[in-house]
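In: With the input below, show me the fold.
(chains A and B)
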2 protein chains.
Amino acid sequence: LRTHYSSELKPGKNVKIAGWVDDIRALGSLVFVLVRDEKGIAQVVIKKDNSLFEKFSKLKKESCIAVEGECVENKQAKKKEIIPSKLTILSESSDVLPIDMSSKDVKTGLDKRLDERCLDLRKPENQAIFKIQSMLLYEMSSYLNKQGFLQVFTPCLMGVPSESGSEVFSVKYFDKKAFLRQDPQLHRQLTIAGGMEKIYDIGPCWRAEPSHTTRHLCEHRVIAAEMAFIDDEYDIMKVEEQMIIHALQKLKKDCATELKMFDVDFSLPKKFPVLEFPEIYGILEKMGHKVKHGEDYGTEGERLLGEFVKKKYNSDFFFVNRFPFSLKPFYVMRIDEKPEWARSTDLIYKGIEMSSGGQREHRYQKIISQAKEKNMEEKSVKWFADFFKYGVPPHGGFALGIERMTMMLLNITNIRECVLFPRDTQRLTP
Amino acid sequence: LRTHYSSELKPGKNVKIAGWVDDIRALGSLVFVLVRDEKGIAQVVIKKDNSLFEKFSKLKKESCIAVEGECVENKQAKKKEIIPSKLTILSESSDVLPIDMSSKDVKTGLDKRLDERCLDLRKPENQAIFKIQSMLLYEMSSYLNKQGFLQVFTPCLMGVPSESGSEVFSVKYFDKKAFLRQDPQLHRQLTIAGGMEKIYDIGPCWRAEPSHTTRHLCEHRVIAAEMAFIDDEYDIMKVEEQMIIHALQKLKKDCATELKMFDVDFSLPKKFPVLEFPEIYGILEKMGHKVKHGEDYGTEGERLLGEFVKKKYNSDFFFVNRFPFSLKPFYVMRIDEKPEWARSTDLIYKGIEMSSGGQREHRYQKIISQAKEKNMEEKSVKWFADFFKYGVPPHGGFALGIERMTMMLLNITNIRECVLFPRDTQRLTP
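Out: Predicted coordinates for the structure are as follows:
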């Protein structure tokens, strides 16, 4: 249906373009029709004496059209224009659009925009979000692939709830009950137990959180890696750090136009700083935020640590390591000589948690005793732990939230903007 | 934990390897320990006078170990061996393994093997399956990416059942009911309606099929693409065809060893043949398989068409195009002048359906009338169809089953072998 995209027009050529009617401007004896495609906007100019004048004048915004004609250079306006010889209406739009499409500054409420998401998504800044997200994902995957990681798929449906149980969605599974995974981490561990040494898994996770916040979704996606025969959690952190640095550097080059739409510029450190517990308590106390030893620092602490790192290391990224075991699930590995602390890491970006990970416990007896310490039911652990009787190497991994990463990179305030069709406590359509 | 993989050993060097104990062979005053890692197997030779002799002799199969020592060349056996100076047991295995690990010919039943999947997966032929699957996926993605397709995520949870409704899993979603998608196709169409012109989505789909067959799963994954401003369904078929040809050609080069384990060799045509309805009825009748005009050809017909194409065109792949509309969902595009037939395509590989796709109907009025013709409830269609009031370009796509493709490529008889942790009517663990 097209021979050229809007960005590829060359004067003196006969071209055929196709796209959406972005705008129609009548100027007396002239009509300008702007045709938007995925690469930009082309201008079609129709003079009164053109037999298509009336047909073009009556076009509706957001109709899909194909236009054939000659591309000419408008030297005054320094623009390429098309003088049309044929117009095909591929799909006509309504007279009235349910939301304002004209500018990103017009404030239609987010909820209304999400109701009319197919129109909302057509705005250039939304197109940019998903182009960036796609590139980010592709470059992170490519990095892992080049490092010898294999992409795998682990199950979404679990026979037993994967973590706490309270925030899990349940599924009627024939005559049984199944659960939607909260994090594919247990099965990534089992993949390692299955003799695969470096794997990654990209896929959905669900949380039945009844709270409605700007940074939580009921359905989100992670890129999650798991690696065997590690020395300790620092091996994992290095993979994650280098994956992100690689991807963001590529993005800076390949998505410069899109990043500029969000006024985003960044420089990247060669290495992400690491803060460790219990030193973190001291840092926070000095900043006037006292947290009880053994407790979590919360979102305010997260923000303050971000500030601290930005000032001291000029980095938007940093790792938190060695969380209190009391705050973490049964499967994490503790420091043998200081069992209060675990080899658990979070990656923080601009003061917000991006990923969780670290080294996992691979010794059967320890897994069992840690599950007991967490008061877990035997049946929630046995199906998983029994495999650790047959030789499982030291291993670890991380799971990075893809929508969260997009959100923080572009300084977007609501994570729903970073999902094509978000799912939250209130929303299951479109 | 390691300096070298088993495949990287160089005589005269001090090395540290890590892996699983594949086998222990005692030969009087010598013990041979085979250590398996993801790249192969290394042989450790321990003489009686080595202080580690006893420790090595007592190793259990499938324990995880790290071995330091000197790599030497055994010229007689034309093999590199390690003379150990240190042994670390990273994780000890049980005395008794629940399944036989020794050879692919030993017939432990599939069900038992899946129960003990973490041991089963360690077998080299299973490692090969997932390496091939991963490469296949990576190369198909890369192809689409290079063609300008962006990877997106569409929702798994639907507010209304996506297709027939009978084979859908339902989810308790706060005070509402949600459904697991059967095919992310409706949301891919909405992504196109949202102004993105070339997208692909890799992710899970579910079918609550009560039937238990060797080629169906309750949870499987597809790579699905959708493209706007197409001329007709042949544009879609071309993308799918070239994606597969690209991926399989790469595989032939990069996974030669793994393909050989399954005795798989193939040559690829430059183009996949296309069979169309209604001519297909004639072909089948000549082969002695009469199918009533307007009806589906079934698995036996599929097989026969595969035979026909193999003989006539020497191709394992072919497309079936222009299915009877009566067999297809409401959203497909019909041939305007012959509305009995739809622009619906299947890709058949070695006589088995790999993917469905084709051109979709983009005209609002037609969508509504086709849904009525299919006796669909208004509420199952309205949430989707309403977006087509606002200018949606001609578009189409396909969804290719990743496990099915792996299965047919490697001539594996049960699709469960091609999933790390399969889900079927009977199985939700591990």
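
In: interface residues of the stretch 301-430 of chain A facing chain B?
Out: Within the stretch 301-430 of chain A, the positions near chain B by CB under 8 Å from any CB of the partner chain are A:362-364, A:383-384, A:387-394, A:402, A:419-421, A:423, A:425, A:428-430. (Glycine included, C-beta is placed from N, CA and C.)

In: Just the buried ones from these?
Out: For those, a burial check counting by 16 or more other CB atoms under 10 Å in any protein chain shown picks out A:362-364, A:383-384, A:387-394, A:402, A:419-421, A:423, A:425, A:428, A:430.

In: So which of those residues are in strands?
Out: Judged by DSSP state E, those include no members of strands.

In: Helices along chain A, start to end?
Out: Here chain A has its helices, by DSSP state H, at A:53-57, A:110-115, A:117-120, A:124-146, A:185-193, A:233-254, A:256-261, A:279-286, A:298-313, A:364-373, A:378-385, A:402-409.

In: Where among the ones you listed is average confidence lowest?
Out: Note on those: helix A:378-385 shows the lowest mean pLDDT, a mean of 91.

In: now that helix, how far from the centre of its chain.
Out: 32 Å (CA atoms, centre = their mean, to the nearest Å).

In: buried ones in the least confident helix or strand in chain A by mean pLDDT?
Out: Lowest mean confidence among the helices and strands of chain A (mean pLDDT, DSSP states H and E): helix A:378-385, at a mean of 91. By neighbour count on 16+ other CB under 10 Å, the buried set for helix A:378-385 is A:380-381, A:383-385.

In: in chain A, what spans have low per-residue confidence?
Out: Along chain A, segments meeting pLDDT under 70 span A:103-106, A:162-166.

In: So in terms of bridging, what pairs with A:Ala399?
Out: Note on A:Ala399: beta-bridge partners A:Ala224, A:Ser356, judged by DSSP bridges.

In: Quick check, it in contact with A:Gln182.
Out: No. Using CB atoms under 8 Å, A:Ala399 makes no contact with A:Gln182, being 10.2 Å away.

In: what touches both of those two?
Out: Here A:Ala399 and A:Gln182 share the contacting residues A:Cys205, scored by CB atoms under 8 Å, 6 or more residues apart in numbering or on different chains.

In: quick one: the strands in the stretch 1-150 of chain A?
Out: Secondary structure of the stretch 1-150 of chain A by DSSP state E, counting those that start in this stretch: the strands cover A:14-27, A:30-37, A:40-47, A:64-74, A:79-91, A:150-151.

In: Quickly compare these and say which is most buried.
Out: Using mean count of other CB atoms under 10 Å in any protein chain shown, the stretch among the strands of the stretch 1-150 of chain A with the greatest mean number of neighbours is strand A:150-151 (a mean of 22).

In: Is it in proximity to chain B?
Out: Yes. Using CB under 8 Å from any CB, strand A:150-151 reaches chain B at A:150-151.

In: Quick check: the residue of the stretch 201-350 of chain A nearest chain B.
Out: Closest residue of the stretch 201-350 of chain A to chain B, CB to the nearest CB: A:Phe229 (4.6 Å).

In: ok, that residue - contacts?
Out: Contacts for A:Phe229 (CB under 8 Å, 6+ apart) come out as A:197, A:393-395, B:1-2, B:18-19, B:37, B:66, B:90.

In: okay, the residues you listed in TSV with distance to B:Arg207 next?
Out: Formatted as TSV, the contacts of A:Phe229 follow (distance: CB to CB, whole Å):
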residue	distance to B:Arg207
A:Glu197	32
A:Pro393	36
A:Pro394	38
A:His395	33
B:Leu1	42
B:Arg2	42
B:Ala18	41
B:Gly19	39
B:Asp37	37
B:Ala66	44
B:Leu90	41
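
In: Enumerate every residue touching the residue nearest to A:Leu157 when sequence neighbours are not counted.
Out: Using CB to CB, 6 or more residues apart in numbering or on different chains and skipping the chain neighbours, the partner closest in space to A:Leu157 is A:Ala178 (4.5 Å). By CB under 8 Å, 6+ apart, the contact list for A:Ala178 reads A:157-159, A:170-172, B:169, B:428.

In: On the strand side of things, show who A:Ala178 bridges to.
Out: Going by DSSP bridges, A:Ala178 forms beta bridges with A:Val171.

In: so who does the nearest residue to A:Leu400 once chain neighbours are set aside touch?
Out: In space, not counting the residues next to it along the chain, A:Leu400 is nearest to A:Ser355; the distance is 3.9 Å by CB to CB, 6+ apart. Residues counted as contacts of A:Ser355 (CB under 8 Å, 6+ apart) are A:222, A:240, A:346-347, A:398-401.

In: and with 6 Å instead?
Out: Residues near A:Ser355 by CB atoms under 6 Å, 6 or more residues apart in numbering or on different chains: A:347, A:398-400.

In: so what's the backbone phi/psi at the spatially closest residue to A:Lys310 that is not a sequence neighbour?
Out: Distance criterion CB to CB, 6+ apart; nearest residue to A:Lys310, sequence neighbours excluded, is A:Asp316 at 6.7 Å. Backbone torsions for A:Asp316, taken as degrees, to the nearest 10, come to phi -80, psi -20.

In: pretty sure A:Asp316 is in contact with A:Ile352, am I right?
Out: No. In this structure A:Asp316 lies outside contact range of A:Ile352 using CB atoms under 6 Å: 10.2 Å.

In: Tell me which of these two has more neighbours.
Out: Higher neighbour count among A:Asp316 and A:Ile352: A:Asp316, with 20 against 17, using other CB atoms under 10 Å in any protein chain shown.

In: What residues does the stretch 151-300 of chain A have near chain B?
Out: Within reach of chain B by CB under 6 Å from any CB of the partner chain, the stretch 151-300 of chain A has these residues: A:151-153, A:155-157, A:159, A:169-172, A:174, A:178, A:187, A:190-191, A:193-195, A:197, A:204, A:219, A:221, A:229.

In: go with 8 Å
Out: Within the stretch 151-300 of chain A, the positions near chain B by CB under 8 Å from any CB are A:151-160, A:169-174, A:176, A:178, A:180, A:187, A:190-191, A:193-198, A:202-204, A:206, A:208, A:210, A:218-219, A:221, A:229-231.

In: wait, what's in contact with A:Asp336?
Out: A:Asp336 touches nothing, counting by CB under 8 Å, 6+ apart.

In: Next: A:Lys328.
Out: A:Lys328 sits in contact with A:342, A:344, where contact means CB under 8 Å, 6+ apart.

In: so A:Arg207 sits right up against A:Gln182, yeah?
Out: Yes. If you go by CB under 8 Å, A:Arg207 and A:Gln182 touch, sitting 5.8 Å apart.
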